[in-house]
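In: This is the structure alone, sequence omitted:
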């Protein structure tokens, strides 16, 4: 089964990194994967998005018209990508920064959680992306939890041990949250 | 992507196409790189800036595309594997230099991560430089060998072939990618040079200082009557050899196909997924994906069944389709679907067109 | 009998294609003599320009390459960076170095590449038939300034003075060929420019005011006189940096 995810937010919210962690974890789990960033002039003005496709087979286009999941971190990104979700898809919305949408026309699964606020409680606004990742992976078992933790560890290792702890805590918070909303 | 090369030996890593091309080049023995900033290939240049020193090679950010390609000319004339990269508008500027490389019979690798044109265009992926890449590009009767990778792994793999064939045939080789391939990340197995491309090629013609030999001269000016014709005949003979031995392509589901879809590069990824889906529905559809655009894989179109229809799909308004027309017995059987300027034919459009042709 | 003078080993025993009274032949010989004196024939690599001197490799007995018009210093950069043990020089005319190749000239100099440039300034495009060069004097008639060069067509470009402003440039000297004494000075400057490279001092350039009687529409002697009377006023001789 192929799963196509659009991730979007403001520059600095760690959206590209979130996509990369997801992609690397998928690779580590021996899946095929593509990660496609927005680039060049498009990234000016503070929005950032990337597209991740995870599959068991060869992947065609890395570009996503219609997604199985949307992970949206701010209002402008919701305006832009909100209508790209397939029926039955998952909409993971950052309640801290995006208004709760009116009852959607399509049948979708809405997960509306304040990732930024949770991150601040955990210790830093910067780990909101990791909270969302934990939540997302609890809902959609695209990659193994252990693999995701391993990738987070290796990425944070470059910074400091405290950063590893902070990120793992954020991931765990998100994961618990995801299990609850299931 | 900042990664330690030694650590990565034979490991599977997630890399962008731009980074993988640079890493492949370094492992294929590229020891000189000069480039000028242009989107969407900038990661390639900075990868070289970071990693070239690990190989004791030379990296230069040139003052212009003209300077970059001519620095490559110099490094190649000195006998080293050299490369430059750019995107469409920058590649236009390099054409003079590529023509000189061809005329002087110098090996070099040029990477074009294509974007939308004409003019400044935009930075979205495109395939509108096919004519420029395959039909010469600069002045004079010459060809560059042109490779069109469609995945990040293939982009990495082809760098070994590119540098080897450039040396072997003393010709410029172009890697024709696009913004999508350059920017996307995929897992790549970082293997070393395949055996067929690891032979070391002597360069007795290189400029090294004329110790214990007669002076070497690198030139493309031939004023004596008949001399330039002789150069051209030598080049043409070489091109014929390349056409005979270097055609590469991938194909599948072609034996019983009523419609064969032809596409290359990133476009071929989308086409492939459509064809596979339609095969599941028992439709007689196949695909051909040229890997070398020059020499064009004419061999792939050599079939007895003359009722086969060909659908050429490009991120352009129809360039490779001309080579397909020249390769099939009846060009009335060749159909085209293309978009450009940053637009990409999507799966729905391709599917509908195939259904129409099957009717 | 003792032999006190002979053709340098670095110069082939052939007749050049240059016009009578042209300065290229003199400078080719000076370069060859310097290469012999410094005993670097087996490690020197020349980059010939597009211009009358494109065929320099028919006269020099050492490794040479052509370069596209204006790109000699980019090519030289590529060679020298990969083979720092060699001695690389470009030989360029005014159109090549100071018009179509200005960008390469300035940036190569600014990087302080350890190279030597022999810059022939004859105030005219020779190979293409006598058009205006960046160094053409005001009032000078050429095929593209039939009534004499006017200010709007650009004033004579003093590229050597421009280059001397750059920190990467180690040595710039302007010399001339209009008297035997000047020719001796020219050879000294050329030798200095090569010596600098051997000693890894950085970018060195020698500008040589050189006669082109064919496109100055005068005799060989008149051409020398014209340099003395007009050119050296616009392009003063001596060490610039």
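Out: On my side now, so go ahead. The shown structure was predicted, so the numbers you read here are calculated from the model rather than taken from an experiment.
In: starting at the chain centroid, how far to the longest helix along chain A?
Out: Looking across chain A with DSSP state H, the single longest helix is helix A:161-181. Taking CA atoms, centre = their mean, to the nearest Å, one finds the center of helix A:161-181 at 13 Å from the center of the full chain.
In: and if you look at stretch B:219-233?
Out: With CA atoms, centre = their mean, you get 28 Å for stretch B:219-233.
In: wait, does stretch C:71-90 contact chain B?
Out: Yes - for a cut-off given as CB under 8 Å from any CB of the partner chain, stretch C:71-90 has contacts with chain B, namely C:71, C:74-83, C:85-87. Quick note: C-beta positions are derived from backbone N, CA and C, even for glycine.
In: Strands along chain C, start to end?
Out: For chain C, the strands defined by DSSP state E cover C:44-48, C:63-66, C:87-93, C:116-121, C:124-125, C:131-132, C:169-176, C:203-209, C:238-239.
In: what about the last one, average pLDDT?
Out: Averaged across strand C:238-239, pLDDT comes to 98.
In: strand partners of that strand, parallel vs antiparallel please.
Out: The strands that strand C:238-239 pairs with in its sheet are strand C:169-176 (antiparallel) (by DSSP bridges).
In: follow-up on the earlier one: so which two of the residues of stretch C:71-90 next to chain B are the farthest from each other?
Out: By the measure CB to CB, C:71 and C:85 form the most distant pair in these, at 23.2 Å.
In: So between the two, which is more surrounded?
Out: Between residue C:71 and residue C:85, residue C:71 has the larger neighbour count (other CB atoms under 10 Å in any protein chain shown), namely 33 against 8.
In: For residue C:62, give me its contacts.
Out: B:209-210, B:215, C:10, C:35, C:41-42, C:44-46 (CB atoms under 8 Å, 6 or more residues apart in numbering or on different chains).
In: What's the local residue count around residue 147?
Out: No chain in the question, so chain A it is. Counted with other CB under 10 Å, residue A:147 comes out at 18.
In: other chain: chain B
Out: When neighbours are counted by other CB under 10 Å, residue B:147 comes out with 30.
In: I'd say it and residue B:175 touch.
Out: Yes - contact status for residue B:147 versus residue B:175: in contact at 5.3 Å, counting by CB atoms under 8 Å.
In: which residues are common contacts for these two?
Out: Both residue B:147 and residue B:175 are in contact with B:158, B:162, where contact means CB under 8 Å, 6+ apart.
In: Which parts of chain A are strands?
Out: For chain A, the strands defined by DSSP E cover A:3-10, A:32-37, A:47-55, A:67-72, A:85-94, A:109-113.
In: okay, the ones you listed in JSON lines with mean neighbour count, distance to chain B and mean pLDDT next?
Out: Converted to JSON lines, the strands of chain A look like this (neighbours: other CB atoms under 10 Å in any protein chain shown; distance: least, CB to the nearest CB, whole Å; pLDDT from 0 to 100):
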{"stretch": "strand A:3-10", "mean neighbour count": "24", "distance to chain B": "12", "mean pLDDT": "96"}
{"stretch": "strand A:32-37", "mean neighbour count": "24", "distance to chain B": "4", "mean pLDDT": "96"}
{"stretch": "strand A:47-55", "mean neighbour count": "24", "distance to chain B": "9", "mean pLDDT": "93"}
{"stretch": "strand A:67-72", "mean neighbour count": "25", "distance to chain B": "14", "mean pLDDT": "97"}
{"stretch": "strand A:85-94", "mean neighbour count": "20", "distance to chain B": "13", "mean pLDDT": "95"}
{"stretch": "strand A:109-113", "mean neighbour count": "17", "distance to chain B": "24", "mean pLDDT": "94"}
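In: Tell me which of the ones you listed lies nearest to residue B:230.
Out: Closest among these, using CB to CB: strand A:32-37, at 49.4 Å.
In: Which elements pack onto the closest one?
Out: Applying 3 or more CB pairs under 8 Å, 6 or more residues apart in numbering or on different chains; DSSP states H and E, one finds that strand A:32-37 contacts helix A:15-28, strand A:47-55, helix B:179-183, strand B:185-189.
In: Which strands and helices lie in contact with the third one?
Out: Contacts of helix B:179-183 with other secondary structure elements, assessed using 3+ CB pairs under 8 Å, 6+ apart, are made with strand A:32-37, helix B:17-27, helix B:42-51, strand B:108-114, helix B:265-280.
In: angle of the last one against strand A:32-37?
Out: On the basis of axes from the mean of the first three to the mean of the last three CA atoms, to 10 degrees, helix B:265-280 is oriented at 140 degrees to strand A:32-37.
In: Just the mean pLDDT for helix B:265-280, thanks.
Out: Mean predicted lDDT for helix B:265-280 stands at 96.
In: From the chain's centroid, how far away is it?
Out: Centre-to-centre, helix B:265-280 and its host chain are 21 Å apart (CA atoms, centre = their mean).
In: What residues sit buried inside it?
Out: B:265-276, B:278-279 (16 or more other CB atoms under 10 Å in any protein chain shown).
In: residue contacts, whatever residue of chain C ends up closest to chain B?
Out: Closest residue of chain C to chain B, CB to the nearest CB: residue C:78 (2.3 Å). Residue C:78 is in contact with B:32, B:34, B:70-78, B:82, counting by CB under 8 Å, 6+ apart.
In: One more: residue B:241?
Out: Going by CB under 8 Å, 6+ apart, residue B:241 touches residue B:169.
In: so it is in which element?
Out: Under the criterion of DSSP states H and E, residue B:241 resides in helix B:227-245.
In: which is the next helix or strand following that helix?
Out: strand B:249-252.
In: in the longest helix of chain A, what counts as buried?
Out: So helix A:161-181, judged by 16+ other CB under 10 Å, has buried residues A:163-164, A:166-175, A:177-178.
In: For it, name the packing helices and strands.
Out: On a contact count with 3+ CB pairs under 8 Å, 6+ apart, helix A:161-181 meets strand A:109-113, helix A:115-122, helix A:128-139, helix A:145-157.
In: Quickly check: the lengthiest helix in chain C near chain B or not.
Out: As assigned by DSSP H, the longest helix anywhere in chain C is helix C:180-198. No - using CB under 8 Å from any CB, helix C:180-198 stays clear of chain B, with a minimum separation of 13.0 Å.
In: Just the residues contacting that helix, thanks.
Out: Here helix C:180-198 has contacts from C:26-27, C:30-31, C:33-35, C:37-38, C:40, C:87-89, C:114-118, C:170-171, C:173, C:175-177, C:202, C:204-206, C:208, C:237, using CB under 8 Å, 6+ apart.
In: do the same with stretch B:159-172
Out: Identification of contacts with stretch B:159-172 by CB under 8 Å, 6+ apart yields B:21, B:24-25, B:27-30, B:81, B:83, B:98, B:101-102, B:105-110, B:143-145, B:147, B:173, B:175, B:193-194, B:196-199, B:201, B:203, B:205, B:238, B:241-242, B:246.
In: Would you mark the buried spots in it?
Out: By neighbour count on 16+ other CB under 10 Å, the buried set for stretch B:159-172 is B:159-172.
In: sorry, back to before: tell me the one of the contacts of residue C:78 nearest chain A?
Out: Once CB to the nearest CB is applied, the member of those that ends up nearest chain A is residue B:34, at 21.9 Å.
In: most remote residue from chain C's center?
Out: Using CA atoms, centre = their mean, the residue of chain C lying farthest from its centre is residue C:1. It sits 36.3 Å away.
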